[in-house]
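Q: Based on what follows, work out the 3D shape:
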Amino acid sequence: MTPERWESPLKLQLVPTVDSLSFLTMPQGTTGLPLSPHPGAFGVRRRFHTHEGVDLYAPEGTEVFAVEAGEVIAVRQFTGPELGHDWWLPTYGVWIEGASGVVLYGEIEPHLAVGQQVMAGERVGTVLRVLKEDKGRPTSMLHLELRDSGNTADIEWLDNENRPAGLLDPTPYLLDGVVNNQLNQ
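A: Got it, this is the predicted structure:
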């Protein structure tokens, strides 16, 4: 099955990378599209869980755009001490139902409300700083997830468990956009 054609969620060129330190050498106007074993890649095992999405490093305040048209079906807090994440600052998530399923734009400040119709390329929000402590890695990023239609559940992919039902890999959609961008240049 060919994925729906996605637009880039950031106005940065996405460069596929397996190097977790690639952010140190990326030219201005680019960011890494993490592929395994990069810790920001989908399905990579981390310290206590497996990563449920893709982290696209971006400076705080970077605008986030809809990858496809859809309807906002949820907006709520995504990280922070209030949710039991003492090591993260408060950020929000926006769940948009579209042709590919539900795209979750996490670790952002939302600019949309539930029920709004969104066109591909329309602003969803801006990237917020998520990490409290700077340990020499980016502290702000867009966390992007893809789920089955209608799925707004809080999904946690625990160590040594199979991928949770309804959680899909957004990487092929993002890679398709990279390839199409290169072909159109």
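
Q: Just the pLDDT for the nearest residue to Val130 once chain neighbours are set aside.
A: Closest residue to Val130 apart from its sequence neighbours, by Cβ to Cβ, 6 or more residues apart in numbering: Glu107 at 4.5 Å. (C-beta placed from N, C-alpha, C; glycine too.) For Glu107, the pLDDT comes out at 98.

Q: Give the other helices and strands that whichever strand or helix holds Glu107 contacts.
A: Glu107 is located in strand 101-110, with elements delineated by DSSP states H and E. Under the contact definition 3 or more Cβ pairs under 8 Å, 6 or more residues apart in numbering; DSSP states H and E, strand 101-110 sits against strand 70-79, strand 91-98, strand 123-127, strand 141-147.

Q: now the helices for the protein?
A: Using DSSP state H, the helices of the chain run over 171-183.

Q: So the residue nearest in space to the middle of it versus Glu82, what's the distance?
A: In the chain, the residue lying closest to the centroid (Cα atoms, centre = their mean) is Leu144, at 1.6 Å. Per Cβ to Cβ, to the nearest Å, Leu144 is found 22 Å from Glu82.
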